[in-house]
Each structure stands twice: as C-alpha cells, then as structure tokens.
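Colleague: This is the structure alone, sequence omitted:
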DNA sequence: TTGAAAGCGCTAACAT
DNA sequence: ATGTTAGCGCTTTCAA
C-alpha cells in the first residue's frame, strides 16, 4: 500500500504538502492540489488511520457496549446510535457483552487501549470496576437504557421506569383488572427494580394487595424456566391473575406462549401487557399491548451527549452532566381488553 | 496515561527492556522482570494498541459486516463469530450495513484504513466494488450465509439453499400438501434464488404445477406489504394454498399473523413452515416448523477460515480456498400437520 | 542480559 | 506556498 511518502516522491513534493491537500487545512496552490489529487487517485493511496490517530490523539470511533444483541429492543438503540454517529462522521464499534462482566471489562480495556473516543454503555447490574475506572479517568461515556444510581455522576439516557410501570398498572386497573400479575426481569438491574417499585406504588394507590403468588422475579427472556413459572402461576386454584404485566415484550411473548399452552385465551381469560414495543409486538398473535420506550431516540440522544463530552474534553470546554428520562407511551393492541363482569 | 518511556524512567531502565518483559519475547532477568511488572502495576500502564499495531502491522481485530441486526437469524451468527474470535484473542468489530451498499462501502474503507486483520461479510446482493477491491488486494475475507457465485474465489461458509428448500417442500408434500405456497425474499440474493430453484425442482419431481398465484416474491421481513400479499393469496377463491413455505422464520411469523387476521387456523387450514430456526420459533403460537440453519456453527467456521487466511498472509504460507456448505435440518413443530382428507 | 536507535505513517510547528 | 523536522508510542535489529 502506498503511503504519504510514496505520493510525495511520485509528484516530487514534500509529504507535508501532500498531507496539506489531503486535510485541506492550510492553503495550497490549486495546481499543486490538482497534481497531488491525481497522484493519490493513481496510486490508490489510502491514509493510515492508525498513524493518523496516533498523531492527533483521536480515532473518530466510539464503542457501543450492549448486553445481548439477541434482545430485540437493543437493536433499535443500535440503529439510533449508528445513525447519529454516522451523521457526525463517527464509526461505531458494536460489542456484545453477553451480560458478562468479564467480557465487558475485556472490551473496555481493549477499546481504551485502542483509543476509541468514547463509550455508550448499556451495562450489567453493578457498576463494574472497569467502568468506574473509565469514569475516574474522565473518559467520555454515557449510560443508555440501563443505569446506576443517580449519584454515579455518569451521563445517562433512559426512561422513567418507575412511572412507566405505574402507568402500565394503572392502565390495566382502569380496564377493570384487579389481580394484576407481574413478570419481572433480573432485580439486580435498576431498570427492573424501579419497575417493581412503580408496580407496588400503583397497587397501593388502587388499594390492591401485593400478592407474591402472582409475581415472577428474575425472569429470563425466552427461557424454559419462565414458561414453567407462568404455567404454575396461572394454574393456581385461587390467585390466578386476570392480567399480566410483563416487563419486556420478549417476556410477554413467553407469557403468551405459556397461556396458549394451557388453554387460556388472550385477552378473554387473561390480558397481557408488555414493555418496549419491539417491532415484533405488532406481529404476534394476538398483537401485544405494550409500554413503548423511545429506543431509537434514546440511542441518538446518547450519541449527542457523548459527542458533547468528547468535544468538551478536546477543547477543555464545559460539559453539563445530565440524566435524561425520555417519555414512554402506552400502545394499545389486542392482548388486553376491558373486563366487564367481576369474577 | 503512562507510556513505555514513563515506565522505563520510573525503573531506570530502557524502553526496550520494558517492552521485552511486556511481550516476553526475549529473555530478561527474572529480577528485572519483577521490578518492571511492579512499576507497570503501580503506574497503571496500559499499552497503546495504535502504536503497537502501527509497528507490527496487525491489529488483532476483525470486522463483521451484517446487513441488519434486527434480523434475528444474524444474531446467532454474531455469537458464533464472537465466541470463536475471542478464543483466538481477536476483537470483533460489528457493523450494520442496513442492506445499503454505500454504508457497506464506507465501513469497508474505514476499517481497511484502520487495518483490521480481516473481514467476515454477510453482504448485499451484488458483489460491490469495495468487496471486489478488497479481494483483489488479497485482504483476508470470508463470506458468510450470503454468497456470490461460486466463481468469485472468495471463501464462503453457508448452507445448500437449493437442497434445503427442496427438502422443505418434500416434507410438506409428504405431509399430504399439494398446493404449496412460497414466500420468497429478495431474489436479487443468491440465497433466495437458490431456494426458489429448489422449490421449483421439488414441484417438478412431485408433479405439482408451478402456480405463480401462490408465490410471493421479494417479501420484506415484517413489512405491511407482506401481510397484505399473504391476505390476498389466501383469499383467492381458487388457488388457496394448503401449506405455505416461508423462506425465513420472520416471514413465516408475518404469514401466521396474516392468517390469524383472516380467520385461518394453523395448521388445520394451512400449514406454515419457516427457514432458519431462530429462538423465537419455539415461542410463537403455534410453534413454528422450520428448516434449521446451523447459524452459530457457520459463524465459528467463518472465523476459522478467516484466521487461516490471516496466518497464511502473515507467514507467506498456503491457504486453501473453499466453499463450505453446512447441513440443514428440519425441526418439526406445531405449525404443520398431516393432511388426511383431500380438499 | 540490556541499551541505543531506527522506523511504522502521519501531522503540525517552524522555517523559508 | 512549500519544505524540514520532531514526535505520537511502540517493536526490533544491532551493538555492547
């Protein structure tokens, strides 16, 4: 591969001149410029990004760490991040941590060594050491969707999960449901902890008892165990829920699967409500009522915050720390319905 | 951030010594080694991967280009690629081309400039210029799942789509179906072209007529148009299929959605069969019979081929070009059933 | 066993 | 308007 020096020799000029036309920073004579560009074309010259980055201290690359690409809700964030990044001339490196702290740490180390300009992270439950270190080094980073406590001091873009869950339960309550079951994800994650709190608060406000027998905790998307748990729950002689609020659409789909398997009609026997609004939600049977998160927008905004940090760092300017909570929205579909008669 | 020189000064040795202990290539005195490692620890030294790569000409990074992460079947490949890569000490850069040639070209350029060691590509229909150029430069690369014609000379890992489609149709035929509809993806892709050919060949062998009225071409996963087309197809007075073979599970899910919407029972009225075996297939209602592709294994094998190329290039050794077609397998579930009576 | 120094390819300050 | 040169942080040959 041709390098700058090759091009310079080819046209009989110095490397700095060639560099100048390529970066068009300083002024160069139009005719010189033409000659150089022709040579660049001719030799098929491509700049070496490694050398350039080493010199200027920036890579124009950001890393996006996500827990699991299989999770459809994340793909929408990825799109938001990629689109926003591309628009700003940044390349996105996508990394799948598989919900594993070691893998996460490894990616963070490797990418920091490679000088990515910043990180957008959707992480594991606890604030890991690698993330803490990153933060302490002042490395640009933003947390997306999943977050730590508000005191972490890390820029965050997410939704108000407490309120979203509260509104979901309220919605089911107003439909006439009084036995509202809950399918919760890993409560080690603040996301689920907050949704749980919102659920409890709603029950309290509507004078509904908190019934542990219609609550499934630590459900894993798509797992056999989850299906089993749901079957157990709906086959209880007493305490069978008349509605189930699943804290992700994928969990809701498993719930529906379990209900079908046990001859329960949705929504006639039991209403089901999800969370996220993944594209699949409007395709399953029956279509799924859900609490929509503006995932694409979350991705975009995350990048904007990150860029703001990167710029601030580069210019020694100011960046205002913030936690942004975007609005959620109920999408009504077929899996929920008004309950007229009382059981 | 501390660099090699800092460490060297800290312990009063030369950078080369420090470098040596860090790479443990050459022999260094055990006591020296200990001192250096302590200093490294103390200063929190992290090597600069950019500088290192610039020097040695390798980045230990490979790029994985996929058309669309939303496509669930791809996530399994991603996993296969990542796992295999990690095992070999390589980092994977995941890029989403969004089925867009320009984005694909841009990623290829950016990553080549950044000296990734090789590419695993699941690409767009036509062989793009950027890929051709990559190939001509002798850049290590392998095509995965999607492929060009066998003459392209590029290593490929996929399945025998012709045969897989043939077997799927045969399966439906043996179940007693005689009006087997087809939902095909973009026929610009060899994958679908081959599946179409397999379908036709099977019809011919079983003396079934090729009926364009029960074939939907260029279906887009999850699109409204697809649902509409399926509705049209099954509401035809004559020519209503008694089975539908969808060339991806996602398409099959749309098909099921359309059938539900039109009051058709699955599999009582119409059997539905998919392709891929994404995790969701066993969760939808009814669960989906499908032609399974060994996606995880395809991902793993792709990396192995790529590494073989990278090694060959580094050592001027031999790499044997190959096209690997992994076996597919029918997974029987609830969406298909034996048709006893004739219509 | 360790050190000095060249050089990977580029940018930018300084010089002309 | 263009050339010279130092240096980003590392590896590696050559010398000692």
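Modeller: It's in. Please read these numbers as outputs of a predicted model, since none were measured by experiment.
Colleague: where in chain A is pLDDT low?
Modeller: Along chain A, the model assigns pLDDT under 70 to residues A:125-126, A:150-151, A:341-343.
Colleague: what does it have sitting close to DNA strand C?
Modeller: Applying CB under 7 Å from any atom of the strand, we find that chain A lies next to DNA strand C at A:1, A:3-5, A:15-16, A:19, A:22-23, A:25, A:45, A:47-48, A:51-52, A:54-56. C-beta coordinates here come from the backbone N, C-alpha and C atoms, glycine included.
Colleague: among those residues, which are in reach of DNA strand D?
Modeller: Within the residues of chain A next to DNA strand C, those near DNA strand D by CB under 7 Å from any atom of the strand are A:15-16, A:51, A:54-55.
Colleague: got the residues of chain A near DNA strand D?
Modeller: So chain A meets DNA strand D at A:12-17, A:20, A:26-29, A:31-32, A:51, A:54-55 (CB under 7 Å from any atom of the strand).
Colleague: Just the buried ones from these, in PyMOL syntax?
Modeller: Buried residues among these (16 or more other CB atoms under 10 Å in any protein chain shown), as a PyMOL selection:
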select buried, chain A and resi 13+17+20+28+51+54
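Colleague: If we go by neighbour counts, what in stretch A:288-297 is buried?
Modeller: Neighbour-count burial for stretch A:288-297 [16+ other CB under 10 Å]: A:288-297.
Colleague: who's in contact with it?
Modeller: If you take CB atoms under 8 Å, 6 or more residues apart in numbering or on different chains as the criterion, stretch A:288-297 is touched by A:73-74, A:76-77, A:79-80, A:145, A:159, A:164-165, A:167-168, A:249, A:252-253, A:256, A:271-277, A:281-282, A:326-336.
Colleague: Can you say which of these are buried?
Modeller: Those of the contacts of stretch A:288-297 that meet the buried threshold are A:73-74, A:76-77, A:79-80, A:145, A:159, A:164-165, A:167-168, A:249, A:252-253, A:256, A:271-277, A:281-282, A:328, A:330-331, A:333-336, by 16+ other CB under 10 Å.
Colleague: one step back: could you export the ones next to DNA strand D among the residues of chain A next to DNA strand C to JSON lines, including columns for secondary structure?
Modeller: JSON lines is the format used below for those (DSSP: H, G, I helix; E, B strand; the rest coil):
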{"residue": "A:15", "secondary structure": "helix"}
{"residue": "A:16", "secondary structure": "helix"}
{"residue": "A:51", "secondary structure": "helix"}
{"residue": "A:54", "secondary structure": "helix"}
{"residue": "A:55", "secondary structure": "helix"}
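Colleague: Over to residue A:268. Which of the three states is it?
Modeller: With three-state DSSP as the basis, residue A:268 sits in coil.
Colleague: And the contacts of stretch A:201-216?
Modeller: Under the contact criterion CB under 8 Å, 6+ apart, stretch A:201-216 has outside partners A:162, A:165-166, A:169-170, A:173, A:178-184, A:200, A:226, A:229-230, A:233, A:236, A:239-241, A:244.
Colleague: Look up how far DNA strand D lies from residue A:197.
Modeller: 46 Å (CB to the nearest atom of the strand, to the nearest Å).
Colleague: Quick check, that residue in contact with residue A:164.
Modeller: No - assessed by CB atoms under 8 Å, residue A:197 is found out of contact with residue A:164, at 11.2 Å.
Colleague: May I ask you to name the longest helix in chain A?
Modeller: Using DSSP state H, we find that the single longest helix of chain A is helix A:295-315.
Colleague: Next, the buried residues of that helix.
Modeller: Here helix A:295-315 shows A:295-310, A:313 as buried, counting by 16+ other CB under 10 Å.
Colleague: And stretch A:32-48, by the same measure?
Modeller: A:33, A:35-37, A:39-40, A:45, A:48.
Colleague: May I see the buried residues of the helix or strand harbouring residue A:167?
Modeller: If you go by DSSP states H and E, residue A:167 is part of helix A:161-174. The neighbour-count criterion (16+ other CB under 10 Å) identifies A:161-169, A:171-173 as the buried residues of helix A:161-174.
Colleague: Which of those residues lies at the shortest distance from residue A:138?
Modeller: residue A:161 (28.4 Å; CB to CB).
Colleague: For that closest one, give me its contacts.
Modeller: Residue A:161 neighbours (CB under 8 Å, 6+ apart): A:190-192, A:194-195, A:198.
Colleague: Which residue is the nearest non-sequential neighbour of residue A:110?
Modeller: residue B:91 (5.2 Å; CB to CB, 6 or more residues apart in numbering or on different chains).
Colleague: Thank you kindly, that will do.
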